[in-house]
Structure formats: structure tokens, C-alpha cells
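**Q** Below: sequence and its predicted model.
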Amino acid sequence: MKRPTQPTETPQVGRSVPRLESQQKVTGRAEYVHNLRLPGMLYGKIFRASVAHGRIRRIDVSAAQAVGGVYRVVTSDDIRTLLPEPYYGPAFHDQPILAIDKVRHVGEPVAVVLASDPHVAEEAAHLIVAEYEELPAVFDEVQAMTSKAIVHETLKPAGTFPDLKHLKGRTNTNVALDFHLRRGDAERALATADHVFEHTFRTQQVMHTPLEPFVSVAEPRESSLTIHTASQSPSFVRIELARLLGWPENRIRVKVPFLGGGFGAKLYVKLEPLVAVLALLTRRPVKISLTMEEQFFTLTKHASTFRIKSGVTKDGRITSRQCEVWWNGGAYADIGPRVTQKSGFTAPGPYDIEHVAIDSYALYTNLPPAGALRGFGIPQLVWAYESHTDLIARALKLDPIEFRRKNILREGRPQATGTPMQDAAIDKVLERLGVLLDWERPFDRGSGTVRRGRGIAIGFKACISPTTSVAMVNVSADGSCIVYCSTVDMGQGSDTAMAQITGEVLNLPTEAISIVHSDTDVTPYDMATLGSRSLFHMGNAVRLAAEDARAKLRALAAEVGLTAETPIADVFRKKYGMQAGNVIGTGSFIPSYTPPDYATGLTPNATPFWMVGGTGAEVEVDTETGHVRVARLVNVADVGTPINPKIVATQLSGAAIMQLGFTLFERMDFDAAGQLRNASLAEYKIPGLLDLPREMVNEAVVAEQRTGPFGAKGVGETGTFGVSPAIANAIEDAVGVRLTSLPLSAEAVYRALRAANGEPLPEE
Amino acid sequence: MSPFELVEPRSLHAAIHLLDPDDASIRAIAGGTAVMLMMKAGVFRPRRLVSLRAIESRFSGVETGPGGELRIGALTPLAVLERSAVVRREWPVIARTLATLSNVRVRNVATVGGHLAHADPHMDLPPVLSVLGARVTIAGPAGERTVPVASLSTGYYETVLRRNELITTLTVPLQGRKRAAYLKCTIRSADDWPALGIAVALEMDGAAIHDAGVVISAATDKPTRLAAAEAVLRGASLDEATLARAGEAAAEGLDIVGDAHGSASYKKQLLRVYLGRAVRAAAKGAA
Amino acid sequence: MSAVRRTIRFKLNGEAVAAEVAPHANLVEVLQGEFGLYGARESCGQGLCGCCTVLVDGHAVSGCLYLAAFADGAEVVTVEHSASEQGLDAVQEAFIETGAFQCGFCTPGFVLMTRQLLAEKPDPSEDEIRHYLSGNLCRCAAYPEIIDAVKLAARRRKTAP
């Protein structure tokens, strides 16, 4: 592909530049850890727990060890010869590298077989035998609050989060975090409200399903380790491995090429501690590639229960709201406590409500761990509060848009935490939805056995804070430019966006700019690629770095007596007498933040920016089978000012389609003993081309995030927010039944129809 | 996957003699999609695989016989059947069924014989071939025998085939005046395994149904003929009342087990609904 | 656990090659391990996602479900093929122009399947596109753009000299 390098006056921001790595991706040559093979490399195959909760009586690896070609079989005993405390995790140091004493969920790693031939490792792993004394287990998040089955004997908060400190050493509880917010007096306001509505909504456990499953390689060097890993958080991997090993950070190098999808799965640490200790034990490079099946036992999205209660005036003003949310975190906390708190901020929805009470609980259970999945808990909340909002509007016979119009948070008004809304175009998103859905026009309601309905939902999110990004921009003597940043491009187009921002500052065509992928020995610190934070945080850091480089170039030009307009190459040539030298600009960005008061949950500064997303759905329901077909899906978002409008549209659309799967059919199906019955793509279905809505519209409203790089803010998660409740609201509009649990399966719809007709379908 | 001996005999006769009636760890492999899945899942660990890919070419191909019947070699890939002009013309229900069977890559590789011998009750062709009155020729050490497709499967992944027998030919009688349709109902994604498959073949006499064949799949552990529904349809006029009665007759007394695709009672509802839809589709000659 | 390896000879992207393969090795493993071709990659391991798509004798197959031994004597083509000889083809260009991928992991499979579709049906309807490609999954869900890409490639191929 032709790559222009001459300076340009054309604005780079706002251009729909094709992704910089396009050619590599369509020719199959893009670099993934999946592709990495090193000389002498061993392949590891994990042997996993077969019970949900059990004390390990015995692990017999002798048969596996005896298989020809097996290099070594490793259990936690071997690991503890290297590390006395081999527990990791971003919020709690609760997860053992391999199970120690107990297993806490089916599929937990118990042992690893290493061999040069992955088939040999796999076959030998089948020969490992483990015996457990089974313990009572708990699977439901609400039951976990009071269950006698305790997943962790003692809580071990990591100490990095001040609001977790009080949990240290706590015993006899499954609560890994409780977040409480009180603003006004919800209790009293509810007692005096004209109308009170209370509903409970549930969501199911689902999985990210990146098509490149988890994969990590550890490469031992003389006195250091290089980790090649499909990770969204290389800087965290380095810091956590340094902590585990007791090494300085500079002895651990973490390299991340492209990711074949992430969606929050590949955050913090996953396989990295395991491959690291295996490499140190064997002094050989070790690679572990999970299968699709194994991904289901590694990280999932929280199932949740949300009880929501609102007081509303006769004329439709919401005056009070109580929210109780229970998050099913599975056996290890991962980032669940952050999900619990950060999403807790916005549990009452984008509404201007005087009296608010929020109680949000992260629970341990004996299911595979849950973490962040494209929305950090927000889709679960929007599902509940927008279903609830619609139910209220129906009960009060108010138009759903009009009811929301009356109650939404407007610019400058304080949100639940007390933080005033800034640059949050909630009103615009709502109004644009109405226009795109032709809301005022008569709607075709179908006939016979196919009934049509429509619904809307809006949601918002506070971007996680405080987090830091650091970037470097290197301008070479010929004027070409390289950006160093640890943001991981997992498909969201960050390489391209960072190049556009740099190009905008330095007047260079985006296509001429190179991006160095995450390499912690080379690229500076970044908190992680998560929560739609990168474009805002790293985008600002890159902009600052490019501005720094520009200032230095101008200073250099002045120093050698040239004007600021002189071509860069001429400046360097004059300075060094030949093509030599370079200029490095650096940028570091951390937005301000005030942590919430522990007792009240209130803060004047909860987030650096708000994300706003809304969805309208038109559905067709088959009244004889309950099948729901989404005829039209309209997604509208406030993304600030898009850096790359095409990529923004595909992000909105992709997120909405992913959420469509979570809405209609995706579900991890556990039996009563905690065994997962559908750990494969044959039985856990994700949306394909035949599942698309017949028509989709994706639109960003005209908006500006004044603190963002060139007015932009994050977009990766926004398209997920409103999809589930919009569809449930449309189903009720079509056939008059309300579903309160996801997924909205055909059978659930049909059962609700039968129940509404007074002829319930037998359970079995 | 663990290693195995892979042998590639040049003749059907040799292949049969490389199989062992008493050894479940020896199996034939043709396209191999199903066998590979079972091996990768670790549920099948062969000692020997007998590849049929190099046996006589007469066991692969589509032709019509002297009576106008369709004769399909067991090693014919499903895609070849799907594209066959004669199949599209004379047995359009088969071509239409194939168009939504699994995906293009599977159809390119999986063979007709392997598809039938695998006997997963969720598969699409067995109910269709059953209502069309198709039969398979089976070869073993003692010679050949013929079995109707309708009685080939005896349960989940089980057939009347002995371990040293192979399907060699599928024969489908001329569809003639029969109008047929196959509908499947998927519950999760559109490309999910069906919760229910239903094949209907009708002989119409004006607006009345002269004769009807109905076979369901997926909801039962093997393709199952619905004689009670057939009896209701036979001689009746094609109207809502008849279809409702046939649906009830089909659902009643049928042993359906609930699974991830739906509860038993829900699948019975699907059967009531899809029976009527399939009969209408067959009568229209479409779908 | 030792296996009798066999030598297979086949044409790989137009070039005659040979490889020693274990009986249980699948085609993707051999393409990656012996030939350094990573465009076909295993994801679901069940032939459902299409990430491992390879052409064998002109037919698309799931390479992760295809015994490498069966490629003996065959003509094997991977996504790397045209890129190495003629640059990008109309399908690849259309995927880039319409933004029909995000993470790129499934993209080689979609590109190869689209080539097959257009070879069979030069002017496919949207319904035909959806059905033909329904055996390929994209978790980033660039599906609307993929449909656009197929349509664009079809138009380009028609007008190309």
C-alpha cells in the first residue's frame, strides 16, 4: 500500500481512514501471540477441577509423567518451591496460579503437563487423577449473601484500593465488596410518593468469546523474563509478575502484538503467572494456548440480580429510587469489586432523582470467575432500570419518550453521586432516537401470529477513574514519525486513532505514522485498554506528546535559525550536517478524581467523562412459538466528536450485535452441581450473519467532550447499553408480556404468553 | 488427539476387512468431520482409522437408475448432491434441505454415507430421506443388504450398522407426485442445531390430502415417524382444523425429552405449530 | 505415544511441497508448523467459526477438522496465496474499504469464503451472502460491513476488465 510521507494541511481528525493494519489483516499476516513459536518451546496443557467446591485430597500425576514425550508435570507444590505465596489478582490476591488445598469452581486449573508436542501434553493431561472431598457450594448471588458455603476462608484484598482495606482478613463472608450510596432520603420519599413501583431483574452468566482464545508465552532469559501475551493490560502484567516474583519491574518484559478480540476478557493477569513460573521451573520457553472450551472456565460476565424501587409523582416525576444489586463474581474476584463500585455510581440511571439509595454487593460463588465485559456492569444495570422505567411509563399511561424527557439528567444537574453532568448529551440521544424511530408516526402492529412492537432504552456510564496513560512521539530526521504507547489494539482501531491524533498535531498524514505495539521495555506505562478509556486517556497523552514534539521541533528550528515552517528534514540536516538525530515528545495524562465518601458514596468528581448510549428496537414476535425477530435496531450515542467516524460506527454496531446475543440467546448453562453444560461454540451460540437485525442504524449525535482529544471520548462499550431493555420493552409493546430475566428466549416469551392467557405451559 | 494407524485401502472389499466387528477403536473415515470432532473432544480414541477416500470411484457420484430413482454413492460429498442438477429438478426438497445443512465447508467435505452413519438425531437429511422412502445399501463381509433410511438409526449415534459394515449407496425413489417440505426450528442462534426438524411428504388429491408421511428429528433420539398425525391428515382437507388436529395427534403420546433447546412441553408446542407449517409448505411445493 | 509419520506431497499456494506429518495432525497445524503460514488458525476447534478456512482442491474446508494426511496429492490454497503473487484482490480491497473487520482474527476465513461465493455466484443477493457466510463467525460483529464488502467486491469484479 502506498504510504504518503509528505506533510499535509488536511485535517487528520474526523477522517474515516481505513485501519493502518488493514493489509496485514486481510492477508492473514497480522501478528498475534497465537502465531508465536520459539526454539525449544514447551506446550502446557492444563488439567482442570471436576468439582465446584472441594478440598484436594490427592493429585496423582504419575501416569501423565510416564507418558513418552512428557517433559514435566507441575502442580502447586512445584510452584511453591519458587513462590511461597502464589496468589494473584487486581483487587484481591485470591487466585492461586494452580489450585492450592481447595478448588473453587469447575474448570479451575489444578496441574499442567509440559511437552514439546501439544498433542502429547493434551493426552497426558487426561491421565491425571485428582480426588476431592466435596464441600457445600453456592452458585446464586443472592443466596451467597447468607449461604453457609463460604468460597474463601479469609478475604485478601490487594491493598491497591483504599475502599477494600476494611475487608482485609474478614472471614465467614462471600461479600468481596459492598458499595453504598445515600443522597437525600429515599426511604422517606418513597413513603410519601404518589406511586411506588418495585421490580426485580436478573441477568445470566455469559462469556466474552474472543475468537483468539487466551494465549501466553514466557521466555526465560539470563536474569529476566519476556512474556508474550494476548493481554489488554501489559503494564499491569509486568507489575503483578514483579510483585509475585519479588523482582524489579525492569527484569520483566511484556510484549503484546494484535489481539484477536478482548472485550474485557484479557485484562489484568490470566495465564501470565502460570507460564512465567513454568518457564522459570524448566528454563525453557513455555506456551499455553487455551481452547475455546477452556475460555469458559477463565473469565465470564457477571450474572446479576437487581431490585429496583421508585417513587413517582402523579404527573410522572421520579422523586426517589432505591437500588439493590448483587453481582455474581464467581470464585475469584478478578475486577468484580471495581465493577460493583463503578457501575454502582450509575445504578439509578440517567435520571434526575432527588432521593437515591444504592447498595451494590460483589459476591463470591462457586462459578467460573466474572470480570469486566464491554460495559463494566453497565449493561446489567441498564437492563434493569430501563425495563423498570418502561413499566412505570406504561402503568402511568405515559409515552415512554415523554416520560424519559421529563426525568432525564440535563447538563449541569447532579447525578446520583452528586457529580454534575458535563458534556453528556443524554437529551440529544433521546431526541434523536425518537426521530430515527419515527416515533410520532403510526406504527404497523402486525397481524395474525406475527405481532410487532417497538421500545427504547437509554443508558450511561461513568468512565473508570483515576487512571494514567503515558505516550512518546518520536520524530526521525527525515520527518517520519513513530508513536510509542501501551494501548493494545484488539480491533477497536486504537492504532489508527492514535496515528490520527499525532498526524493532526504534527500535520502528517495518518498513513505515514507508525505505531509501536506494547512492549513494556519500550512503550511507557498505561493503566490498561479497558472501559472505553483509551481514546480519552491515551489519546490525550498522545496529543500532549505530539505537541511536546512539535514544540521541540520548533525550538530546534529556531536554534539553527530556521522558521517553524521549514520542512523537518531540513531542520535536522542543518543541525547535524546530515540525516541524523531525532526529537522525542512525551505526554502523560491523568484526569482529576475525587474518591467517593465511604459512608455516603458521594463525590463531586466521579469521572472524567460520561458515555451515553440509547437503542430503539422494532421487533416481530411469533405468538405461536415466542420467537423474537429484531426487524430494526437503532443505536444512538454521544461519543463526543469522532476521531474516525467509520470506526466509531462499526464500534457501535459491533457492540450492539454482541449485546443482541446476550439479550436473545447466549447463556452459560450450569447444572445443579455447577458443571457447565455448554462449553463450546456448538452449544454456546454467538450471533452470526443470520441473526442480524434486518436493518440497523448507528449514529453519533453532534457533541463534544471538551476535555477529550479534539473533542473525542470513548465508544467501545456504548453500543451495548440499551439493547436488552429496548428489546424487552418492544416485546411487551408487541404482545403485552414482560420478561424480567435474560436471555429473552423464545420459550420464555411463549411461556409468558401462555401464562398471560391463563393457560401456563407445564414446566417439563 | 492421540496417534492412530491410518490405512487407505484401494477397494471397498479391503476396507471392510480392515474393520473389526468386535473392536470399537477401529472405524471408517470418509470426509471425517464428525470423526474429527469426536477425536478432538476425546470421546473417540481410535487405534486405527480406515480411510475410504481411495476406494473405487463408483462409490462416489450421483446418477439416476432405470426406474428413475436417484442413486447416490456413499462417498459423495453433500455439496455435490446439493449442486446436482437432477436433484434440484426432481428432488428439490433434498437440495433445499442441503442449502441450510451445517455450513458450506462441512458440506464440501462431509459425505452422504458418513452423514447417515453418524446418526446424530439433529441432522437434517434423515427425516427428509425417510419421508421420501429412501433406502441404503449396506455392504459387509457376508455381502449386501438393504435397509430403509427410516429404520437405519436405532438411537442417539446408534444404527443397525455392524462395525464391519459400510453404507455404499443411497437410493431415493422418484418423488413423482409427492410434494415435500422440511422445516427446522432453531432456538438460540439461527445456525444452532435444531430443536425440532420436521419433514412432510404429501400426495394431494385436489384440495384434499390423499396420503401423508411425517417424520420428525432433533426432538427425539432418532428420526421418528408420526403415524398418528399421518392418519389424521390422510383423506382430510387441508384446513386449519385438520392441521390443528394433526398437530395434537403428533404431540400426544410422543416421548420428547427436554434439553438446552427447550423443555419437553415447549418442544411439543413447536411440533404442533411446525407440523401445520410444514404441511402447508409441502402443499405449496415450496420451503 | 509415538506415531508413524508419513510423507505427504501437495501443492501449496501453487508450489510443490512435501511434509512429514503425524497421522493425527490436522491441516492447520501443518500449515503453521511446517510452512509458517498462520492465516488459517484454529479458534472454536469445531468447524463452526471459519477461522481455519483453507481451500483444498478448490473447495473450502475447515482446516482444523481436516487430517493433514488427506491433503496428500491435493492442491492447497491459503489466504496468503494471492497476497504473495498479485497483491490484494478485489475481495481484500473491498474488505479494507468497507471496514469489514476489527480484530482481524476471523478475516482470512471470510476473505476465502467470499472468494468462493463470488466464484459460484458472481452477483449474490444479500440473502445468499448471509447464508453462504453463516458458517463464519466474527465476534467483533463486523457483519454489516462484511455484507457491504461482498457486494462491493461483486461490483468490482463485474466491472474489472
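**A** Structure received.
**Q** and A:G714, what are its phi and psi?
**A** phi -70, psi 160 (degrees, to the nearest 10).
**Q** Surely it and A:F609 touch.
**A** Yes. Using Cβ atoms under 8 Å, A:G714 is in contact with A:F609, at 7.4 Å. Any C-beta I mention is one placed from the backbone N, CA and C, and that applies to glycine too.
**Q** Get me the contact residues on the stretch 1-150 of chain B for chain A.
**A** Taking Cβ under 8 Å from any Cβ of the partner chain as the criterion, the stretch 1-150 of chain B approaches chain A at residues B:1-3, B:42.
**Q** Turn the buried ones among these into a named ChimeraX selection, would you?
**A** Selecting the buried subset of the residues of the stretch 1-150 of chain B next to chain A in ChimeraX, with 16 or more other Cβ atoms under 10 Å in any protein chain shown as the burial test, is done by:
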select /B:1,2,3
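**Q** Helix or strand with the lowest mean pLDDT in chain A?
**A** Taking mean pLDDT, DSSP states H and E as the measure, chain A has helix A:336-344 as its least confident helix or strand, at a mean of 88.
**Q** okay, the angle between whichever helix or strand comes after that one and helix A:336-344?
**A** Downstream of helix A:336-344, the next assigned helix or strand under DSSP states H and E is strand A:355-363. Between strand A:355-363 and helix A:336-344, the angle comes out at 160 degrees (axes from the mean of the first three to the mean of the last three Cα atoms, to 10 degrees).
**Q** what element comes up after strand A:355-363 heading to the C-terminus?
**A** Assigned by DSSP H and E, the successor of strand A:355-363 is strand A:370-371.
**Q** For that next one, which helices and strands make contact with it?
**A** Counting contacts by 3 or more Cβ pairs under 8 Å, 6 or more residues apart in numbering or on different chains; DSSP states H and E, strand A:370-371 packs against strand A:300-301, helix A:336-344.
**Q** Tell me the spacing between whatever residue of the stretch 501-650 of chain A ends up closest to chain B and C:Q116.
**A** Closest residue of the stretch 501-650 of chain A to chain B, Cβ to the nearest Cβ: A:E624 (4.5 Å). Here the criterion is Cβ to Cβ, to the nearest Å. By it, A:E624 lies 37 Å from C:Q116.
**Q** Looking at these two, which one has more neighbours?
**A** Higher neighbour count among A:E624 and C:Q116: C:Q116, with 21 against 18, using other Cβ atoms under 10 Å in any protein chain shown.
**Q** Can you name the residues that contact the residue nearest in space to the middle of chain B?
**A** In chain B, the C-alpha nearest the mean C-alpha coordinate belongs to B:P126, at 1.6 Å (Cα atoms, centre = their mean). Residues in contact with B:P126 (Cβ atoms under 8 Å, 6 or more residues apart in numbering or on different chains) are B:116, B:119, B:149, B:152-153, B:215, B:217, B:223.
**Q** likewise A:T160?
**A** A:90-91 are the contacts of A:T160 under Cβ under 8 Å, 6+ apart.
**Q** Contacts only, for A:L742.
**A** Residues near A:L742 by Cβ under 8 Å, 6+ apart: A:202-204, A:383, A:662-663, A:667, A:724.
**Q** could I get those as JSON lines with pLDDT and distance to B:G67?
**A** Listed next are these as JSON lines, based on pLDDT from 0 to 100; distance: Cβ to Cβ, whole Å:
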{"residue": "A:R202", "pLDDT": "98", "distance to B:G67": "60"}
{"residue": "A:T203", "pLDDT": "98", "distance to B:G67": "59"}
{"residue": "A:Q204", "pLDDT": "98", "distance to B:G67": "55"}
{"residue": "A:W383", "pLDDT": "98", "distance to B:G67": "61"}
{"residue": "A:F662", "pLDDT": "98", "distance to B:G67": "54"}
{"residue": "A:T663", "pLDDT": "98", "distance to B:G67": "53"}
{"residue": "A:R667", "pLDDT": "98", "distance to B:G67": "50"}
{"residue": "A:S724", "pLDDT": "98", "distance to B:G67": "57"}
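**Q** And these, which two are furthest apart?
**A** Maximum pairwise distance in those, criterion Cβ to Cβ, is 14.0 Å, between A:W383 and A:R667.
**Q** Settle it for me: which of the two has more neighbours?
**A** Shown here are A:W383 and A:R667; by other Cβ under 10 Å, A:W383 has more neighbours (31 against 22).
**Q** how far away is that one from chain C?
**A** 19 Å (Cβ to the nearest Cβ, to the nearest Å).
**Q** so what's that residue closest to, chain neighbours aside?
**A** Closest residue in space to A:W383, ignoring its immediate chain neighbours: A:S724 at 4.4 Å, by Cβ to Cβ, 6 or more residues apart in numbering or on different chains.
**Q** Surely the one you found touches A:V382?
**A** Yes. Between A:S724 and A:V382 a contact is recorded at 7.3 Å, counting by Cβ under 8 Å.
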